[in-house]
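Asker: Next one to model:
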Amino acid sequence: MNDLLARVVISKSGRDQGRMFVIVKVVNERFVMIVDGDLRKIENPKLKNIRHLQMTNFKAEDVAVYLARGELPANHVIKRNLKQIREARDQMGRGSGNGEG
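Answerer: Residues are numbered from 1 along each chain as shown. So this is what the prediction gives:
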């Protein structure tokens with residue numbers, strides 16, 4: 001279950017549907033605590049059922065470093081990581097065949 005720490009997820013349901021978050025704590029096999037550094041700050045993480053989250057292959061590496069040391073990352077670190085991942089996803093989503101070179 002600790003492999004979920006710092007994993008980037010997308011909410012599939014609720015008011016935050018479609019938003020990207022980072023898992024900062026695994027509560028048990030069903031629930032995790034998520035943050036985005038903006039609406040859900042590290043001081044007030046959201047408890048979310050894993051079934052309501054879409055897992056991605058991305059990991060917030062800077063956040064993972066803090067969590068491995070037993071520290072909580074600052075909100076700006078989380079926001080910066082999510083922004084980098086969002087940009088990387090957009091780049092990969094554009095793919096090839098669009099005539100740009």
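Asker: in this protein, which ranges drop under the pLDDT threshold?
Answerer: Residue ranges of the chain with pLDDT under 70: 1-2, 94-101.
Asker: how about the strands of it, start to end?
Answerer: Defined through DSSP state E, the strands belonging to the chain, from first to last, are 7-11, 20-26, 31-35, 46-49, 53-59.
Asker: can you pull the buried residues of the fourth one?
Answerer: When neighbours are counted by 16 or more other C-beta atoms under 10 Å, the buried residues of strand 46-49 are found to be K46, K48. (Glycine included, C-beta is placed from N, CA and C.)
Asker: That strand: partners in the sheet, and parallel or antiparallel?
Answerer: The partner list of strand 46-49 in its sheet, established with DSSP bridges, is strand 31-35 (antiparallel).
Asker: So which residues make contact with the partner strand?
Answerer: 4, 9, 11, 21-27, 40-42, 45-50, 53, 75, 78 (C-beta atoms under 8 Å, 6 or more residues apart in numbering).
Asker: Narrow those residues to just the buried residues.
Answerer: Applying 16+ other C-beta under 10 Å to the contacts of strand 31-35, the neighbour count classes 4, 9, 11, 21-24, 26, 40, 42, 45-46, 48, 50, 53, 75, 78 as buried.
Asker: so which of the strands of the chain comes closest to Y66?
Answerer: strand 20-26 (9.1 Å; C-beta to C-beta).
Asker: Tell me which other helices or strands the closest one touches.
Answerer: On a contact count with 3 or more C-beta pairs under 8 Å, 6 or more residues apart in numbering; DSSP states H and E, strand 20-26 meets strand 7-11, strand 31-35, helix 61-68, helix 75-94.
Asker: repeat that for 10 Å
Answerer: Using 3 or more C-beta pairs under 10 Å, 6 or more residues apart in numbering; DSSP states H and E as the contact definition, the elements that strand 20-26 packs against are strand 7-11, strand 31-35, strand 46-49, strand 53-59, helix 61-68, helix 75-94.
Asker: Alright, that wraps it up for me.
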